[in-house]
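1. Here is my input; please provide its structure:
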Amino acid sequence: MATQLIGPVTAAIITRMLASHGEVVVAGFGVAVRIEAVAVMLLFALSGSIGPFVGQNWGARRPERVKEGLLVAYRFCLLWGLFAAFITIAFGEVIASWVDDNTAVIATAAFYLAVVPWSYGLWGMLMMSSASFNALGKPIPSTVLSFTRMFLVYVPLALLLDDRFGYAGIFVLPDPSFSCSCCR
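-> Sure thing, here's the model as predicted:
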């Protein structure tokens, strides 16, 4: 139950921090994370399929296939992350304008979409690692990875960067509101 709360609790903390910058920032964040959900959909799908792949091959005593499969998945995550980053930099403002017509909200969402997608590749690798640990019957490392990412790295850095750079500092870090079932 506690691991199910990591993402939502962190998202609540970050949303509260963003709220101190005004409703436009919160709205821009909301628009951006909806677009982000589409951009990372393939990573969530891959994380859902890597677990059975790892479990089946590990059970068949084929660790070389597990290693090979994870390397392919990691490479895909990095390439998809780069692709998504380039797309959201080039078209983030246009896509955000499909969701909201307020220019300040669009600008906030576009800034988020220019910065955060650079983390998608590493985030995807974390998803693959967590799903793999869970498939191997080792949920503790998966939980530790998620907890560390959120509460030992993300929230402290968000607090520090918010203080120094405002909401732009918070956006420099990946969005905590998403957490896939593999990362719990």
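
2. hey, C-alpha coordinates of the helix or strand harbouring Ala107 in CSV?
-> Assigning secondary structure by DSSP states H and E places Ala107 in helix 103-115. C-alpha atoms of helix 103-115 as CSV (Å, rounded to 0.1, in the frame of the first residue of the first chain):
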residue,chain,number,x,y,z
THR,A,103,-1.3,32.0,-24.0
ALA,A,104,0.3,32.0,-20.5
VAL,A,105,-0.9,28.4,-19.9
ILE,A,106,0.5,27.4,-23.4
ALA,A,107,3.8,29.1,-22.6
THR,A,108,4.1,27.3,-19.3
ALA,A,109,3.2,23.9,-20.8
ALA,A,110,5.6,24.5,-23.7
PHE,A,111,8.5,25.3,-21.3
TYR,A,112,7.7,22.1,-19.4
LEU,A,113,7.6,20.1,-22.7
ALA,A,114,11.0,21.6,-23.7
VAL,A,115,12.7,20.6,-20.5
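
3. just for this protein, where's the confidence low?
-> The chain contains residues with pLDDT under 70 at 1-3, 173-184.

4. re earlier: identify the residues contacting the helix holding Ala107?
-> For helix 103-115, the surrounding residues in contact (Cβ atoms under 8 Å, 6 or more residues apart in numbering) are 24-25, 27-29, 31-33, 35-36, 88-89, 92-93, 95-97, 99-100, 167-168, 171-172. Backbone N, C-alpha and C define where each C-beta goes, glycine included.

5. Tell me the first helix or strand C-terminal of that helix.
-> Sequence order places helix 120-135 as the next helix or strand after helix 103-115, per DSSP H and E.

6. If anything else comes up later, I'll come back, but that's it for now.
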